[in-house]
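Undergrad: Need a 3D model of the sequence below.
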Amino acid sequence: MRERLYRVGGEEFMIVYPNATLQEALFACEQIRQSLKKYQIHGENITLSFGVCRYNPKDDYGSLYKKVDDALYLAKERGRDRIEQCNA
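TA: As a prediction, this is how the structure comes out:
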């Protein structure tokens, strides 16, 4: 699995896992989240929230981005430092 990392906004990044299953992507994100928990920046623990979606051929960039963004904000609303997957 060869991932690609993109910066989307100030503190938001997108990781694309071509040809990965949803479960593989969820596992990879959890590994990243767990591995960075032990570090601090300016005395604050690093936390990561993820929105994870599986690509649907019917999606264009805008619709896929919206689904991922909605899942990310759900993770933040539910307490941060967690992973939420898309409903659709």
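
Undergrad: Quick check: mean pLDDT of stretch 51-60?
TA: Mean per-residue pLDDT for stretch 51-60: 90.

Undergrad: err, stretch 3-15, not the other one
TA: On average, stretch 3-15 scores 86.

Undergrad: Please apply the same query to stretch 79-88.
TA: The model assigns stretch 79-88 a mean pLDDT of 88.

Undergrad: ok, residues contacting it?
TA: 22, 26, 29-30, 33, 37, 47-54, 56, 67-68, 70-72, 74-75, 78 (CB atoms under 8 Å, 6 or more residues apart in numbering). Placement of C-beta: from N, CA and C, glycine included.

Undergrad: buried sites along that stretch?
TA: 81, 83-86 (16 or more other CB atoms under 10 Å).

Undergrad: ok now that stretch, how far from the chain's centre?
TA: Centroid separation between stretch 79-88 and its chain, computed with CA atoms, centre = their mean, to the nearest Å, is 8 Å.

Undergrad: Can I get that stretch in PDB, CA atoms only?
TA: What follows is stretch 79-88, C-alpha atoms only, in PDB (Å, rounded to 0.1, in the frame of the first residue of the first chain):
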ATOM      1  CA  GLY A  79     -14.100  14.200  21.800                       C
ATOM      2  CA  ARG A  80     -11.200  14.300  19.400                       C
ATOM      3  CA  ASP A  81      -8.300  11.800  19.300                       C
ATOM      4  CA  ARG A  82     -10.400   9.200  17.500                       C
ATOM      5  CA  ILE A  83     -11.400   7.800  14.100                       C
ATOM      6  CA  GLU A  84     -14.800   8.100  12.500                       C
ATOM      7  CA  GLN A  85     -15.800   6.500   9.300                       C
ATOM      8  CA  CYS A  86     -18.200   7.800   6.700                       C
ATOM      9  CA  ASN A  87     -21.800   6.700   6.700                       C
ATOM     10  CA  ALA A  88     -22.100   6.400   3.000                       C
END
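
Undergrad: That'll do, ta.
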